[in-house]
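Enquirer: One predicted model, sequence on top.
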2 protein chains.
Amino acid sequence: MDVDKRLEELKSRLKIRPIEWLEDGRVRWLDVRLIPWEEVYRETRDYRRLAQAIRDMEIRGAPAIGVAAAFGMALAAYHSRASTVEELLAELEKAAEVLRDTRPTAYNLFWAIDRVLRAAREAARSASSPSEVKDAVVLEAKKIMLEDIEANMAMGRIGAKLVQDGDRILTHCNTGALATAGYGTALGVIRAAVEEGKEVHVIATETRPLLQGARLTVWELVKEGIDVTLITDNMVGYVMSKGLVDKVFVGADRITVDGYVANKIGTYTIAVVAHRHGIPFYVVAPTSTIDPNLRGPGIPIEERSPDEVRTVLGKLVITVPEVKVYNPAFDVTPPELVTAIITEEGIAVRPFEVSIPRMLESKRKRVEGKEG
Amino acid sequence: MDVDKRLEELKSRLKIRPIEWLEDGRVRWLDVRLIPWEEVYRETRDYRRLAQAIRDMEIRGAPAIGVAAAFGMALAAYHSRASTVEELLAELEKAAEVLRDTRPTAYNLFWAIDRVLRAAREAARSASSPSEVKDAVVLEAKKIMLEDIEANMAMGRIGAKLVQDGDRILTHCNTGALATAGYGTALGVIRAAVEEGKEVHVIATETRPLLQGARLTVWELVKEGIDVTLITDNMVGYVMSKGLVDKVFVGADRITVDGYVANKIGTYTIAVVAHRHGIPFYVVAPTSTIDPNLRGPGIPIEERSPDEVRTVLGKLVITVPEVKVYNPAFDVTPPELVTAIITEEGIAVRPFEVSIPRMLESKRKRVEGKEG
């Protein structure tokens, strides 16, 4: 497989390119903090700057974070002045540490970094010079991006089967092009259903504190002409009780092997209300979001700055400035509230402790088959 | 009973005076839209201006709306140039129409207007001049304010029995001094519990779109030194799942005789999550919020301007300006999710279709006994 060729081909099908590797050793990304007001692309050659972009949420969404971290590793390799393979590996370990220390919940971050490190070590075994390892690292990062787009498109096709013509779908946060390498997870399913000619009506929650729903999801959907209605987060109960929602599709930041789903704060509340109203609740995420080492609800949850709650986007103070605040960025939805989990490998249903490991195993076999 | 004397006495015990009748025929109110940034009091002699203040939410909260509407009627009477009693009654009917046409959900609005009209008609039967009717109208409006403060304090005492030392109480929107004639419904219970020496920790939801929780509830509680932590509306599920909430206390804008509760948008969602976690869900409202003519969930729900959702308080645009929006100001919580309803008459529990009519009957007897 020619990774570059395939990547170019896929990228040409994307309407939005949130992150890219440039061949002279730069990474370019869309600063999503400025959407919908401005479309500003930023560039760097420094993996530390990219780590900062992840921490400050210039780049956000678990799959996009994974791709960005992989490119961070690629930047560290590309610009390394190490004279030996061992020195390069040590530098990469250091870069991995800096990149891991950005956001604690998104599993794709750790998955992508580990995968690039494995590729580096693998290459190091037979490498005669650092440059061979560098090439392997950059290639692996590109593969991660390529696979993310492919996985997104596959999830779209698979998930779209669950969407009926005329469905009114509630979604939370942003799970679209701006959360991935370019197509979307939950929003990818909606995109795919629309591409198949189905009529879909989206209800998007604004998603306080950082308003990814109001800013990003609405921006993406309006851009593509997909019908969308914006609500505040506390209207979820109202729209469900009024019969205005047929299905819920959300993304995930980390999924345990037994089906606990960490996702943007507010997801659990939506799942509880959907459950009361018998509304199917679907989670869409690539297998790279599944943490194979974790069971149960104890997913590490990032607590962010109180000023995100005391203000709106740092632009408007909305309360008494010294008030105490909780600001967990994620919550955990237990498996009994999840109707199904859609990955690029298929649709997993309960009991997830059976279906998820089976899915991971089938992926492992498929990848080994391809490589072997 | 000397209404003026009693009112002065009660007012002296209030830390915040959101609305007042001034003896030269003016009404003064705190424009709560500007809290917490500025404390601006406005005045008028024109009931139409007061109707506008209700519509634009310079005055909000069902009990405060009721008192403001009563004072609107008092302004119409006080400044009337009618030369006959009949002419005055016709003018009052006209004012009632204008005032009723401000906000459709808060039952206190209709209750207060009807009560003032009844007092006017009653006075008209024996009046020899319009001025006697005018006096009766102004007196009735003052009584409504007086009774609101008394009812609030009574609810506080009654509800405080449900609060244990150390309780962590979640509340929604603002139900304090800024929502009533000056003490509070749900926040009145918290205030009373604190006055009794109990330690109470409040979790306040910010309450989008107009942020009454972040702006008003936090402001009131910080001012009085009551412990408060602010969350976004979508964190309700998180804090409940983490065991951080012992009880929920909310207000109401209209309660049916069978216990359906219309309250600020988001209340139903909170009730559903509280129910899942076995957290008691209490509604605190004066009997003037109970609509004796309505059963079931079909309470009229006000739909407000989409720009309330597309912006934050008109100050910051947060989405694509042309996006469609739902903006219901209230939702309806069904009786099965309500643990108890606290009024000035006592605590009503399920079945509400028995306990609520009994409460209204006991109030009727008490009032008749007092008057007879």
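Expert: In hand now; what should we look at? Residues are numbered from 1 along each chain as shown, chains lettered A, B, ... in the order given.
Enquirer: doesn't A:Gly243 fall inside a strand?
Expert: No. Judged by DSSP: H, G, I helix; E, B strand; the rest coil, A:Gly243 forms no part of a strand; its state is coil.
Enquirer: Contact partners for it?
Expert: With contacts taken as Cβ atoms under 8 Å, 6 or more residues apart in numbering or on different chains, A:Gly243 has no neighbouring residues. The C-beta positions use only the backbone N, C-alpha and C, and glycine is treated the same way.
Enquirer: Quick check: the gap between the closest residue to A:Leu14 other than its chain neighbours and A:Arg191.
Expert: Setting aside the residues directly before and after it, A:Leu14 is nearest to A:Gly182 in space (Cβ to Cβ, 6 or more residues apart in numbering or on different chains), at 4.0 Å. Distance of A:Gly182 to A:Arg191, computed by Cβ to Cβ, to the nearest Å: 11 Å.
Enquirer: I'd like the next helix or strand past the helix ranked longest in chain A.
Expert: Under DSSP state H, the helix in chain A containing the largest number of residues is helix A:130-160. Past helix A:130-160, heading to the C-terminal end, the next element that is a helix or strand (DSSP states H and E) is strand A:168-171.
Enquirer: What residues of the helix or strand following that next one count as buried?
Expert: Heading C-terminal from strand A:168-171, the first helix or strand you meet, by DSSP H and E, is helix A:186-195. Counting neighbours by 16 or more other Cβ atoms under 10 Å in any protein chain shown, one finds that the buried residues in helix A:186-195 are A:186-194.
Enquirer: Is any residue of the next helix or strand after helix A:186-195 near chain B?
Expert: Under the assignment DSSP H and E, the closest C-terminal helix or strand after helix A:186-195 is strand A:201-205. Yes. Residues of strand A:201-205 contacting chain B under Cβ under 8 Å from any Cβ of the partner chain: A:203, A:205.
Enquirer: Show me the helices in chain A, by range?
Expert: With DSSP H, the ranges of helices along chain A come out as A:3-11, A:47-55, A:62-78, A:85-100, A:107-126, A:130-160, A:186-195, A:212, A:218-224, A:236-241, A:267-276, A:307-310, A:352-371.
Enquirer: Buried deepest among those helices, which one?
Expert: With neighbours defined as mean count of other Cβ atoms under 10 Å in any protein chain shown, the helices of chain A peak in mean count at helix A:62-78, which reaches a mean of 29.
Enquirer: Give the buried residues for stretch A:286-304.
Expert: Counting neighbours by 16+ other Cβ under 10 Å, the buried set in stretch A:286-304 is A:286-291, A:294, A:297, A:299, A:301-302, A:304.
Enquirer: Give me the subset of those lying in strands.
Expert: Within the buried residues of stretch A:286-304, membership in strands is found for A:290-291, as judged by DSSP state E.
Enquirer: Next, give me the two most distant ones among the buried residues of stretch A:286-304.
Expert: Based on Cβ to Cβ, the longest span within those runs between A:Thr287 and A:Arg304 and measures 26.9 Å.
Enquirer: Quick check: chain neighbours aside, which residue is closest to A:Ala285?
Expert: If the residues on either side of it in the chain are set aside, A:Ala285 comes closest to A:Ala252, at 4.0 Å by Cβ to Cβ, 6+ apart.
Enquirer: tell me the contacts of A:Glu122?
Expert: Neighbour list for A:Glu122: A:Ala136 [criterion: Cβ under 8 Å, 6+ apart].
Enquirer: quick one: it and chain B, what's the gap?
Expert: When distances are taken as Cβ to the nearest Cβ, to the nearest Å, A:Glu122 and chain B turn out to be 41 Å apart.
Enquirer: Quick check: pLDDT value at that residue.
Expert: At A:Glu122, the pLDDT value in this model is 97.
Enquirer: now it: how far from A:Lys143?
Expert: From A:Glu122 over to A:Lys143 (counting by Cβ to Cβ), the distance is 13 Å.
Enquirer: Over to A:Met153?
Expert: In this view, A:Met153 and A:Lys143 are 16 Å apart by Cβ to Cβ.
Enquirer: tell me the domain ranges of chain A?
Expert: Domain ranges of chain A: A:7-153, A:162-371, per automatic domain parsing.
Enquirer: What's the local residue count around whichever residue of the stretch 251-372 of chain A sits closest to chain B?
Expert: Closest contact between the stretch 251-372 of chain A and chain B, by Cβ to the nearest Cβ, is at A:Gly266 (2.9 Å). Per other Cβ atoms under 10 Å in any protein chain shown, the neighbour tally for A:Gly266 reads 28.
Enquirer: separation between A:Trp29 and A:Lys143?
Expert: Note on A:Trp29: its distance to A:Lys143, by Cβ to Cβ, is 18 Å.
Enquirer: Beta-bridge partners for A:Val312, please?
Expert: When bridges are called by DSSP bridges, A:Val312 pairs up with A:Leu316.
Enquirer: what residues does the stretch 151-300 of chain A put near chain B?
Expert: Counting by Cβ under 8 Å from any Cβ, the stretch 151-300 of chain A sits next to chain B at A:203, A:205-209, A:211, A:214-215, A:218-219, A:222, A:227-239, A:241, A:244, A:265-266, A:268-269, A:271-273, A:276.
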